[in-house]
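Asks: Sharing a model prediction with you, sequence too.
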Amino acid sequence: MPDLSVVDADFHDALVEKNCYAPHVFRMVLEVTSSSWTNDTATKVDIYARANIPVYVIADRRHDVVLLYRDPVDGKYPDPLRYQRGQAVPVPESVGVALELSVDTLLDGDD
């Protein structure tokens, strides 16, 4: 289960089983790394790309960076864009919202 996801308004129609939805309703998934760092930064990159999730954002607290994966092709994401502290991550237009995410807030939480 992702830490945050942006889905289509009609996502309820895509219920596969309890708390599981078809991947086509997801516009963006965001993970904040924790003890499952490898899972968030490797396994899920592969799974979300193969599921054709348009945007995957990782707040990598181990390396103090936010990674933006987007537009998978043939089940793989191109190399991610990297954002450092003091920067903002522009959410791609394909997500359907005009928004910038603060790297500092993603890495530290909101005090």
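Replies: Done, it's in. Numbers count the residues shown, from 1 in each chain.
Asks: only C-alpha atoms for contact and neighbour calcs from this point on.
Replies: OK.
Asks: now the strands for this protein?
Replies: In the chain, the segments counted as strands under DSSP state E are 4-7, 15-17, 20-21, 26-32, 55-60, 65-70, 81-83, 88-90, 100-102.
Asks: what comes into contact with the last one?
Replies: Applying C-alpha atoms under 8 Å, 6 or more residues apart in numbering, the contact partners of strand 100-102 are Gly86, Gln87, Ala88, Val89, Pro90, Val91.
Asks: Could you list the paired strands of it along with their orientation?
Replies: strand 88-90 (antiparallel) (DSSP bridges).
Asks: distance between the partner strand and the chain's centre?
Replies: With C-alpha atoms, centre = their mean, to the nearest Å as the basis, strand 88-90 stands 13 Å off its chain's centre.
Asks: Buried residues in it, which are they?
Replies: Residues Ala88, Val89 are the ones in strand 88-90 that count as buried (16 or more other C-alpha atoms under 10 Å).
Asks: quick check: mean pLDDT across it?
Replies: What strand 88-90 shows for mean pLDDT is 97.
Asks: Please shift the residue numbers so they start at 47 in all later answers.
Replies: Renumbered: residue one is now 47, and that last one reads strand 134-136.
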